[in-house]
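below: sequence and its predicted model.
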Amino acid sequence: MEKGVVPKILAGQRKGGFWEKAEDFYIRTKYKGTVWQLIILAELGADGQDPRVKRACDFILRVSQDRESGGFSYRGGPNGGGYHSGVIPCLTGNMVWSLIRLGLLGDPRVKRGINWLATYARFDDGIKRAPEGWPYERWENCWGKHTCHSAVAKTLKALAEIPEKKRSPEVKQTIEEYDFLFHPHLDKKAVMEPLDLFVIYNPKRSRKTRASFSVFIILIGYAQQEIGNETRPAEGKKHE
């Protein structure tokens with residue numbers, strides 16, 4: 001926590017536990033706002049007991065988490081939590097994974113996020129009729145006829161971070177459903193096309209390449225699940 005990238009990130013944190021503007025924790029501050037800094041801190045193994053990291057976790061739970069459902073919203077406020085209408089699966093997966101990684105698996109608020117993923121995650125593709133009701137009617141890109149492969153990747157990455165002995169039956173069932181990617185009915189060309197790094201980093205990248213990159217992320221998450229504790233910072237060990 002004293003050398004490298006982590007202290008540089010924490011040096012930019014504002015008094016309230018956020019980065020950039022408090023209200024722009026996600027979309028309008030992409031890769032700079034609080035959501036993105038939290039993901040990076042978790043990936044780099046920052047010490048979840050550090051007061052600055054705790055403030056960041058508390059901020060995102062207070063501002064982004066929908067108090068009604070437990071999912072995470074791209075819009076919210078400091079007093080009312082995340083907007084129910086703005087809950088999206090990719091953000092929920094990212095925040096649940098980050099918070100677990102930073103030591104908050106036992107926090108009731110994080111458990112609600114886990115339950116949201118196990119309840120609403122979709123693992124289907126090219127179906128004739130998309131599910132109805134909240135949250136499925138809100139965003140075509142997230143919940144339309146085709147499953148959002150990015151959300152699938154982030155959901156599985158989050159659930160794989162839960163130690164196997166602590167996974168609920170619902171979480172285990174959700175993880176087992178990942179094999180939808182290899183079902184005969186799936187448009188394999190849209191999902192399994194070889195990775196093209198040039199196109200991935202091109203702002204005009206295609207849906208097919210985004211899907212391929214998501215499959216790549218899924219495999220990383222699955223590998224982390226298999227490796228288990230070796231990928232997690234040792235308990236009580238601080239980032240150096």
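Nice, thanks for sending it over.

I'd like the distance between I9 and D50.
Taking C-beta to C-beta, to the nearest Å as the measure, I9 falls 11 Å from D50. Where C-beta positions appear, they are placed from N, C-alpha and C, glycine not excepted.

before we move on, what about I162?
Counting by C-beta to C-beta, the gap between I162 and D50 amounts to 22 Å.

kindly report the same for I39.
16 Å.

in this structure Y26 contacts Q37, no?
No - at 11.1 Å, Y26 does not count as touching Q37 under the criterion of C-beta atoms under 8 Å.

so for this protein, the centremost residue is which one?
Closest to where the C-alpha atoms of the chain average out (C-alpha atoms, centre = their mean) is N94, at 1.4 Å.

secondary structure element for that one?
helix 89-101 (DSSP states H and E).

what is that helix packed up against?
Here helix 89-101 touches helix 34-43, helix 51-63, helix 108-120, helix 140-143, helix 149-160, going by 3 or more C-beta pairs under 8 Å, 6 or more residues apart in numbering; DSSP states H and E.

angle of it against helix 149-160?
20 degrees (axes from the mean of the first three to the mean of the last three C-alpha atoms, to 10 degrees).

pull the distance from helix 89-101 to the chain's centre.
Remark: helix 89-101 is offset 3 Å from the chain centroid, using C-alpha atoms, centre = their mean, to the nearest Å.

now do stretch 24-33
15 Å.

wait, what's in contact with V63?
Going by C-beta atoms under 8 Å, 6 or more residues apart in numbering, V63 touches 18, 22, 25, 76-78, 81-82.

again, 10 Å this time
Contacts were defined as C-beta atoms under 10 Å, 6 or more residues apart in numbering; by that measure V63 touches 16-18, 22-23, 25-26, 34, 72-73, 75-82.

got it, and P7?
With C-beta under 10 Å, 6+ apart, P7 has these contacts: 1, 46, 50, 52, 239.

can we see that at 7 Å?
M1 (C-beta atoms under 7 Å, 6 or more residues apart in numbering).

wait, a strand at it?
No - under DSSP: H, G, I helix; E, B strand; the rest coil, P7 sits outside any strand and is assigned helix.

and C57, how far is that from E140?
Look at C57 and E140: by C-beta to C-beta, they are 31 Å apart.

out of the two, which sits in the more crowded spot?
Ranked by neighbour count (other C-beta atoms under 10 Å), C57 and E140 place C57 first, with 25 against 11.

hmm, D107 and the more buried one touching each other?
No - the criterion here is C-beta atoms under 7 Å, and C57 misses it with D107 at 8.5 Å.
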